[in-house]
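Peer 1: Sequence unavailable; structure follows:
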């Protein structure tokens, strides 16, 4: 049984607490650690790092963690800690990550890696020069619904993929009643908010991993809701985009169009749905489910508004059954990163990939302001 | 009882036969004519015009029409015929319409009015100069589902409209088995095919009438299916766009994004759905139905892929009940045009409006080829 | 409009009356004849031939046919009659067909073509020598369900076909109450009865056309019900097989197992079901419907008799929608044969194919009596 | 309360753990033991035997068992252990069973008893000579659905049984995604795999107990899926049969045809279904349910593909209600064997019966390779 120290910075936030601490690291500890290929069992020993000692103490107690600290430098100096994880707000991330790299830690981060492509590439190059392992959260790839879609694509069921339609979003309450279900900084550009920066990194890796590289983007966005009420009950002016309409060209010529919005009411089964049409079949995937329709069961649709449609189109889809135990997407990726660090297992989600996500967000913003398609060149560290 | 002669040119095609002859003119005749405000009853006396005498004879017999002819000039010379209607294929329309105007007929046409904006404006100006009444089919405005949406908007239910999402399309079979359910010319650019030219005229008048003028468009399209099998069982190369992804800016700043495709499998209740989000509520309208969700019944959506979503989002919408008898959309507009001609009732669907539809199609094509937003200036006859 | 004389011999039987006269020839007459490629319209003018003048007269009257006769030779001598059709009982067929060939008629027959392979080949060679067109009924190929299955196979949905399971049959009442729903000669070997001779010709062409040539057969049969009551209310001893269990090897190695029985109670949706398993998907086709299950929607079945199965397996199949108007299978083939005779259209259902069906029946009977696999060599006319 | 020691060898496998340990022995312990006719209560005291100490310890702990050992000889030497149970893989079984017999233990085994008939008979003779009680698992006889079928047969409902159709199987995933739901050795002949050896022992005792002795078999099999992915994610070549089509002649002349396959998609209510037709009625039995159709409720089926079948055949069957508490099939047989050992109750599932199962598997394999019917002589120990 081998213990490994992990610095977890910024886990007092919602995602940090729930997904990274609770459902990932604490869950791995509870299951008795992680067994490597050589049968060694590895036990993560996190140290929770943040600015609010009270919150840290409470969190550590709740999850049975022994160590917490408000002093990052000391944690980085401790050789037992071999991994640095960062879930701080985007604008704070780059500096801490740089220090961790300097201290020789392997680094794992929430997305987006940084606020700009330049900064992201800088971090990627620094990590490469330092020879430390690095990774970024790409959790959507491990959602049960997206995994099923991947399996459908791999099986050849779709034939040649023609197009992808994505709908993401829901109504984020403006407050005060009901109160908002997302933090207020999301709606302030100056604090790193905005739906383009938040979601385009996701669309980048989902599209590239499932369908092919994004080669160009056309995007327009809006600040739909001008004022909202914050956590303290105060009305503030929204400065960040809360709805983005983006069309992506994919390598090979297929089109992906994705609407992302925090100001839409959900007319779907799941908060995110990707509808993929192929020559031999189509699929609609959400967070957890995936349904399909093959060429041979495609109903013959005929435009006739004079009579109620005789075909119930939604019944012509069939759900892909669940065939494996479904794990938390964040935990899956945490275990992959641990194996990457400890036994050199492949981990195709490094900082260069993270930079691609930020690159797409920047290209999306450029397209919006310049009112034209923006090409997305291939990225490399040299 | 006053009889009025109507020249119906090109009604041997599917839309001409079913919608204009069968469900409109023959239906008006069957109901005993159209009563004007002054209680005069008007009975349409059509003369069917076309190139195939056999087909015309059969059609006339089937619908109890006395007159048919293969000689348009003679029909135009007949003073009893006061209205000229044209449902020929787009590329033939302009010339016949010009002759009708020259002959002093009031003119009513299928859409698109012509293959180009220039030609459309020319017709509009010619009609104005000649002082004849003119109109174009804008049937989608009279679909039961769109009428209900209009009523929802008018009631103030939606508050300020923020965005419109449209999905139109279905899978058109490539043949030979199952055979295609649309004519092959739709997929040949050189014959006036293409989904942009077919559908953008519709999107123009629907958006303008419901939400506001379209001020700019960004569009990309594809010829998704490269080969299809035609009516004679022969494989042909598709040259026209069969899928278009378009984002429209509306006067006032709202965004409308509409996907149009003949190569998608339907994951909706109806072949066309418009999803409108507003500050006070949202609506989803199709051909026949319209459902709504108000601010106060909007469920609190939270992103959590770890458990099956506890909310069944599709159940959170409520159907707008049908409260009036639903008429065929084409017949409604035919009766409006007859009243326009006969008692000068308003008819806001003239040739200038028709030109706007063609203008938007041209702007969409330009945006596609120039890879940028294209502004859509206001159109006038001078 | 061209009239062509067709001698219809043996149409007083159930199949002859209902399928060949009523649903095929009379239906073609009712629809106004058959239009050839050169737009000539051909009108079949049948002469009904049989032994019972009373029955013939009544039948002719019922179906609006002018000509009937009990004297075959005279009908064969009439040059207006260019086609001879035979639906007599199997044992009478060969002789009449030979005469028709001698008289230079094109010949179309019910199956089986003859009682033995030798006789079938003899007829095939005679027809070839005489240069007359010839055909045999292979109606199952034109059943809506089998046509859909063919379309599913053609689309590649199944991947590599692994196996075929067939279940055909139902309970034929023994009489007297309820009375039998099939004629008594079916159960007397000496009158050409027996389920092997009746059904194996069907399995031969269905298997060969859908999956590949049958190369070997293993078969066992039984006379399950020893006594039945005939049309006259008299008990008779059954001498023919009424249930056959046959396994077929197909070119390429796939296995088809088909149970055929007139002594089984139906536990299926349709009287005949073919269940085809392939690497990428499976299909179950009946007379009218076809349902499919793809690899990606295959449920994970686990053997656990301790709890009611959590999976409702029958719900995991999806029906192939009907996309074309469905015609009577016999009429489709009649029209094909008429086009074959009149405009030389292809007709892959000639006497050599008919002989293959009888060959498989003979091989099945040999396998039964010799208790071993019997190889089925490829057949040719030379 | 009398304690009896039971050596359980090979219960770390899936069937051993779930069915024999968990649902049988642990369940008997949990219910407070087994009451004999003389009111003595017997408590099984198992000792878990295997090769992996870690697994055994964990298993013992999980099920509250005190004793486990990796040293079989010592367990056999312990006089407290009066029963030896074996659920090892087939190729290891014979040797351990021989030792147990030598040590004077009563012996109970999973099926198949051994890899060959010769070895099976040897074990049966050895047990007889040693005077130890012996038994083999024949669990399918105690499935709720098969028990109901037995009751239907016993009641005379079916009249004379004419034929039996069996369908067993489901799709075993090839991996890697979804992963296989059966162990990889099942698909390797050299490790005792193959569906004939796995399933024919079951068909032997089910057919003999319900309908009569199997007197001959004709069988053909296939290795349908050539490559699969094993538990470690490695692709391997399949060498064992995964689909078998077998026809059995039963004493008295009835035919049973059973398809067994791990490469078929389930078009039934249950993974195994036996369809039995009799003169007075029919029955279809699965693992848990059994439904029947009597002569008087048999619908009159008529072949007519021209209209949708007016009869919904599946509705013409009626479910046999559950009238007794349903027990786990393995537990039922364990209790029978314990009573057999402890109070000499009858137990008609001894090693000679086990040998018959292996005999049928061997006959099936011989039939496959020799392409002929193979007779199955009656077996005896002398």
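Peer 2: Good, I have the coordinates. Quick caveat: nothing in here was measured; it's all calculated off a predicted structure.
Peer 1: any idea how far the residue of the stretch 1-150 of chain A found nearest chain B is from chain C?
Peer 2: Residue nearest to chain B within the stretch 1-150 of chain A (Cβ to the nearest Cβ): residue A:143, separated by 5.1 Å. Glycine gets a C-beta too; all of them are placed from N, C-alpha and C. As defined by Cβ to the nearest Cβ, to the nearest Å, residue A:143 lies at a distance of 17 Å from chain C.
Peer 1: Residues of the stretch 101-250 of chain A that sit close to chain C?
Peer 2: Near chain C, the residues belonging to the stretch 101-250 of chain A are A:148, A:151, A:152, A:155, A:156, A:157 when assessed by Cβ under 8 Å from any Cβ of the partner chain.
Peer 1: Quick check: the gap between the closest residue to residue A:111 other than its chain neighbours and chain D.
Peer 2: With Cβ to Cβ, 6 or more residues apart in numbering or on different chains as the criterion, residue A:111 has its nearest non-adjacent residue at 4.8 Å, and that residue is residue A:201. Between residue A:201 and chain D the distance, using Cβ to the nearest Cβ, works out to 26 Å.
Peer 1: how about the residues of chain A that lie near chain D?
Peer 2: Checking chain A against chain D by Cβ under 8 Å from any Cβ, the hits are A:151, A:154, A:323, A:324.
Peer 1: that older thread, the residue nearest to residue A:111 and residue A:360 touch, don't they?
Peer 2: Yes: using Cβ atoms under 8 Å as the test, residue A:201 is close enough to residue A:360 to be in contact (6.9 Å).
Peer 1: pLDDT weak spots in the stretch 151-300 of chain A?
Peer 2: Scanning the stretch 151-300 of chain A with the threshold set as pLDDT under 70 gives no residue ranges.
Peer 1: Now do the contacts for the residue of it found nearest chain D.
Peer 2: When distances are taken as Cβ to the nearest Cβ, the stretch 151-300 of chain A reaches nearest to chain D at residue A:151, 5.1 Å away. Contacts here follow Cβ atoms under 8 Å, 6 or more residues apart in numbering or on different chains; on that basis residue A:151 touches A:320, C:296, D:177, D:178.
Peer 1: give me that answer again for 7 Å
Peer 2: Applying Cβ atoms under 7 Å, 6 or more residues apart in numbering or on different chains to residue A:151 gives the contacts C:296, D:177.
Peer 1: ok but it is inside a helix, no?
Peer 2: Yes: counting by DSSP: H, G, I helix; E, B strand; the rest coil, residue A:151 falls inside a helix.
Peer 1: Is there a neighbour count for the residue of the stretch 1-150 of chain A closest to chain B? I'd like the number.
Peer 2: Under the neighbour criterion other Cβ atoms under 10 Å in any protein chain shown, residue A:143 is assigned a count of 24.
Peer 1: who touches it in this structure?
Peer 2: A:287, A:329, B:305.
Peer 1: Not including adjacent chain positions, what is the nearest residue to the residue of the stretch 1-150 of chain A found nearest chain C?
Peer 2: When you check the stretch 1-150 of chain A against chain C by Cβ to the nearest Cβ, the closest residue turns out to be residue A:148, at 7.9 Å. With sequence-adjacent residues excluded and distances taken as Cβ to Cβ, 6+ apart, residue A:148 is closest to residue A:290, at 3.7 Å.
Peer 1: burial measure for the one you found, as a count.
Peer 2: A total of 29 residues lie near residue A:290 under the criterion other Cβ under 10 Å.
Peer 1: which strand residues sit across from it in the sheet?
Peer 2: Beta bridges link residue A:290 to residue A:285, judged by DSSP bridges.
Peer 1: how close does it sit to chain B?
Peer 2: Using Cβ to the nearest Cβ, residue A:290 is found at 12 Å from chain B.
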